[in-house]
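Participant: Next comes the sequence, and after it the predicted model I'd like to discuss.
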Amino acid sequence: MKKTLALLLAVLMMFSILAVPTLAAGDAGSGFTASDKISNTFYRFVDKLVILVGKILNALIPGSDWTGQIRQLKSYTPAHFYSGKDAFDTAAAENAKWSMGFADASFLTGLDVFDGSYYLTGTLEAFHGRVPTAVLDDQGVNAFALSDGETTIVYAAIDGFGFARGDVLEIRSRLEAFAAEHNIASINISALHQHSCIDTLGLGVPLVPAVLKNPAATLFNADKRLSGKNKTFMEALYSAVTASVVEAVENMTQGTLYYGAADASEFIHDKREPEVYDHNIERLRFVPDDETLNEIWICEAGIHPVSLGAGPTLLTADYPYYIEQYVKENANANMVFIQGAELAITSQTDTLSYNEETDGDNAKLVAMGNAMGRLLLDITDEEPLQPLLNVALREVAVKVENPIHILAGREGLLSSVFVRDGLGYKVITELGYIELGGTLGVVLAPGEIDPAILWGGATEKAQSWTGESWDYAPWKEICGADTLLCFGLCNDQVGYILCDNDYRSMFTENEEINAISNNVGSVLTEAFIELVNDVK
C-alpha cells in the first residue's frame, strides 16, 4: 500500500510540475507582483504543499538511501577537489610570463545519435523524450590551460544543458596523475546551457516512466535505471574532455594577455525584474610570442542559448558555436566561449536580419553568432594584464528543499553529490574565485546566478516577494576587483541561484522550480565572503 501511494504521489507531483506553463525552456517572466498579497499567500501555500508531498514521496519510495549510496554529512570527505591557493599573491614574480594553450574535440564522432537512445534536454518531458532528428552543427568541448609561471589552471567549457558535480569529479579522477605531474592548481568544467544538445545532466529522460521504473531498479539492478544520459555518449564526453585538457596543457606557449569588452545589450533581453545584467560580451585575448601561432580568445556573456525554443528536435550548440566559427574564420583565433550570469536573460534578435526559409534552420543562430562575433572583433580598447594568476575554491554544503531535485538524485537522474543531514538532504557543491593581473576578478558559480548578487541592484524590500531586504554587498565589492566576470554553471549545476528575498513560487516562475532552495543565494554569498577573507 505504501509503495502504491508513493507512486501515485510521484506521478501527481510530476504532473503538477509539468503543468506549469513557464517550464518552457527558460521562458520566465515577472508574472507576479508582491502587491498581490492574496496571490502571494496562495502560491506560498501551494509551494509548501508540494514540498510536503515531495518529502512524503522521498520517505516512502525506494531510492539511493536504500542502497547506502548517500553518505551522512559528518562522514563526507573531499575527493578530487582542487582548492587552489591558500593566500593570493599581490605582485607578479620577477620575469613572469603568461602561458596559454588550447584544444577542442567533438563528442559526436562515431556515434549514431538517431538510434533512439539519445535525448535532447532543456525541458522536462513527461512521457516521451526529445530524440534528435537532425544535427545542425556539433556538440563538444573547448579547453584552455593558463599559467603565470607559478600557478596553472585548466578550464573546459562543454556544450550541454548542465553538468553535475559527480561528473566533474569523474573527469578530475581521470586527470589526477596528469594534474600532479604538471602541478595544476585547479581543474574546472562548465556547461554552456544549450537547450538543444544531447543530455549531459540527466533530466532529458521521460520523467513519468523514470519515476515509475527507477525505484524498483534501485532495489534490484541499479544499472537498469532510466536516465537522460546515454552511457556511450557520456564516456565519449569524459574521454574528449580529458584528452582536451591534456592537449591544452601540452600546447602551452608564452605570450601576452589582454582584457577588453564590447557592449552587447542590443542582443540581450532580461525577462525577470529587476532587470540587472552584464551588458558586455567580455574577451580575454592571448597573443603568443610566436607569431605563427593562433591567438586564443576566452569570451563570456550571460545569455541563454535557447534560440530555437524548447520543442524542436534539432541538435545544435546554438549561437556559441557560430560565434566561435566567426572568430576562427575572421580573426584566425581559437575561442573558448563561457556562459555568464544568465538567470532569466535570453537573446534579443529583433535587430538581426535572417530568413529561415531561404537560409535554413540555423539562420537565426548564424545571425546571432555573427553579430556577437563582430562585436568581439571590433574591440580596440583593451588593457594588458600583468602575469599574476590567483585561484581559490571552497566546497559548500547547501540544503536541498526542492523535493524534485532530491527525487531526481535519489532515482539516479542527477549526479549531484548528495549527503544526508539529519532527516534532510544537502548537496556538496563548490564555489570559486580567480584573479587575473590583480585587477580582474572571475567568479566560478555552480549554477545560473542572479546578476544582482554579483553587481548589485537586488529587489528592494517593499517590492520583494518575501517583504524582506537583501542585505549583502555585491560580490564585486566583496572581492574588490576593478572588473568582475562570471563563469556560470561551473563545476556543478545546482540550478538557479536567487536572492533570498526574490524567491517567488515554483508555480509562477521558471527559476524557482529549478532552484534547490530559497536560500541558496545567501548560503553561497556567505561562502564567498569567507573564501575572499581567507585568501586576501
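Facilitator: Cool, the structure landed. Residues are numbered from 1 along each chain as shown.

Participant: Let me see the ranges of the helices in the chain.
Facilitator: Counting by DSSP state H, residue ranges of the helices within the chain are 2-18, 37-60, 165-174, 176-181, 207-220, 231-250, 318-331, 356-359, 363-377, 403-410, 451-455, 475-479, 510-513, 520-535.

Participant: any idea of the angle the fifth one forms with helix 403-410?
Facilitator: Between the axis of helix 207-220 and that of helix 403-410 there is an angle of 40 degrees, by axes from the mean of the first three to the mean of the last three CA atoms, to 10 degrees.

Participant: Just give me the neighbour total for the closest residue to Glu295 other than its chain neighbours.
Facilitator: Excluding the flanking residues, the one nearest Glu295 by CB to CB, 6 or more residues apart in numbering is Ala333, at 4.2 Å. All C-beta atoms are positioned from the backbone trio N, CA, C, and that covers glycine. By the measure other CB atoms under 10 Å, the count of residues near Ala333 is 21.

Participant: how about the strands in the stretch 51-200 of the chain?
Facilitator: 71-72, 98-106, 134-135, 140-147, 152-158, 184-191 (DSSP state E, counting those that start in this stretch).

Participant: closest one to Lys213 among those?
Facilitator: strand 71-72 (25.4 Å; CB to CB).

Participant: same for the closest one, what does it pack against?
Facilitator: strand 418-421 (3 or more CB pairs under 8 Å, 6 or more residues apart in numbering; DSSP states H and E).

Participant: Tell me the buried residues in the strand it packs on?
Facilitator: Neighbour-count burial for strand 418-421 flags 418-420 (criterion: 16 or more other CB atoms under 10 Å).

Participant: Outside of that strand itself, which residues are in contact with it?
Facilitator: Contacts to strand 418-421, defined as CB atoms under 8 Å, 6 or more residues apart in numbering, come from residues 64-65, 70-73, 76, 397, 399-400, 406, 409-410, 425-428.

Participant: could you dump the buried residues of strand 418-421 to JSON lines with pLDDT?
Facilitator: Below are those laid out as JSON lines (pLDDT from 0 to 100):
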{"residue": "Phe418", "pLDDT": "95"}
{"residue": "Val419", "pLDDT": "96"}
{"residue": "Arg420", "pLDDT": "94"}
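
Participant: May I see those residues arranged in CSV, with distance to Leu524 as well?
Facilitator: Listed next are the buried residues of strand 418-421 as CSV, based on distance: CB to CB, whole Å:
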residue, distance to Leu524
Phe418, 17
Val419, 17
Arg420, 21
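
Participant: quick check, nearest of these to Tyr496?
Facilitator: Phe418 (18.6 Å).

Participant: From Arg285, how far off is the closest one?
Facilitator: Separation of Phe418 from Arg285 (CB to CB, to the nearest Å): 40 Å.

Participant: ok, Glu382 - how many residues close by?
Facilitator: For Glu382, using other CB under 10 Å, the count is 13.

Participant: Go ahead and confirm it touches Ala262.
Facilitator: No. At 10.2 Å, Glu382 does not count as touching Ala262 under the criterion of CB atoms under 8 Å.

Participant: Between these two, which contacts overlap?
Facilitator: Arg283.

Participant: From Thr109, how far off is the residue nearest to Thr313 when sequence neighbours are not counted?
Facilitator: With CB to CB, 6+ apart as the criterion, Thr313 has its nearest non-adjacent residue at 4.4 Å, and that residue is Thr133. To Thr109, Thr133 is 20 Å away according to CB to CB.

Participant: now do Ile189
Facilitator: 19 Å.

Participant: okay, the two: which has more neighbours?
Facilitator: Ile189 (24 against 10).

Participant: Tell me how many other residues crowd the spatially closest residue to Arg410 that is not a sequence neighbour.
Facilitator: The spatial neighbour of Arg410 that comes closest, neighbours along the chain excluded (CB to CB, 6+ apart), is Gly63 at 3.0 Å. Gly63: 23 surrounding residues under other CB under 10 Å.

Participant: If I look at Asp137, what pLDDT would I see?
Facilitator: pLDDT, Asp137: 97.

Participant: Could you give the number of residues near it?
Facilitator: 21.

Participant: list the contacts for it?
Facilitator: 316-317, 321-322, 362, 365.

Participant: Make JSON lines out of those residues and add pLDDT and distance to Ser353.
Facilitator: Shown next, in JSON lines, are the contacts of Asp137 (pLDDT from 0 to 100; distance: CB to CB, whole Å):
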{"residue": "Thr316", "pLDDT": "97", "distance to Ser353": "20"}
{"residue": "Ala317", "pLDDT": "97", "distance to Ser353": "22"}
{"residue": "Tyr321", "pLDDT": "98", "distance to Ser353": "19"}
{"residue": "Tyr322", "pLDDT": "98", "distance to Ser353": "15"}
{"residue": "Asn362", "pLDDT": "93", "distance to Ser353": "15"}
{"residue": "Leu365", "pLDDT": "95", "distance to Ser353": "14"}
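
Participant: so what's the closest residue in space to Gly202 that isn't next to it in sequence up against?
Facilitator: Nearest residue to Gly202 in three dimensions, chain neighbours excluded: Leu413, at 4.3 Å (CB to CB, 6+ apart). By CB under 8 Å, 6+ apart, the contact set of Leu413 is 202-203, 205, 210, 214, 226-228.

Participant: Would you check how far apart Gln72 and Asp65 are?
Facilitator: 11 Å.

Participant: more neighbours, the two?
Facilitator: A count of neighbours by other CB under 10 Å puts Asp65 above the other of Gln72 and Asp65, at 15 against 10.

Participant: Once you drop chain neighbours, what's closest to that one?
Facilitator: Asp65 sits nearest to Arg410 (CB to CB, 6+ apart), 6.6 Å away.

Participant: Report the separation between that neighbour and Phe163.
Facilitator: Applying CB to CB to Arg410 and Phe163 gives a distance of 20 Å.

Participant: cool, Thr439 as well?
Facilitator: Taking CB to CB, one finds Thr439 at 30 Å from Phe163.

Participant: What count of nearby residues applies to the residue nearest to Asp318 when sequence neighbours are not counted?
Facilitator: Nearest residue to Asp318 in three dimensions, chain neighbours excluded: Pro305, at 3.6 Å (CB to CB, 6+ apart). Counted by other CB under 10 Å, the residues lying close to Pro305 total 28.

Participant: show me what contacts Pro305?
Facilitator: So Pro305 contacts 192-196, 317-320, 339, 347 (CB under 8 Å, 6+ apart).

Participant: out of those residues, who's nearest Val50?
Facilitator: When those are compared against Val50 (criterion: CB to CB), the nearest one is His195, at 24.2 Å.

Participant: Quick one: residues contacting the residue nearest to Arg410.
Facilitator: 215, 218, 407, 410-411.

Participant: Reformat those residues as JSON lines; add neighbour count, pLDDT and distance to Gly447.
Facilitator: JSON lines is the format used below for the contacts of Gly63 (neighbours: other CB atoms under 10 Å; pLDDT from 0 to 100; distance: CB to CB, whole Å):
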{"residue": "Pro215", "neighbour count": "23", "pLDDT": "89", "distance to Gly447": "27"}
{"residue": "Thr218", "neighbour count": "22", "pLDDT": "83", "distance to Gly447": "26"}
{"residue": "Leu407", "neighbour count": "24", "pLDDT": "90", "distance to Gly447": "19"}
{"residue": "Arg410", "neighbour count": "25", "pLDDT": "91", "distance to Gly447": "20"}
{"residue": "Glu411", "neighbour count": "27", "pLDDT": "90", "distance to Gly447": "21"}
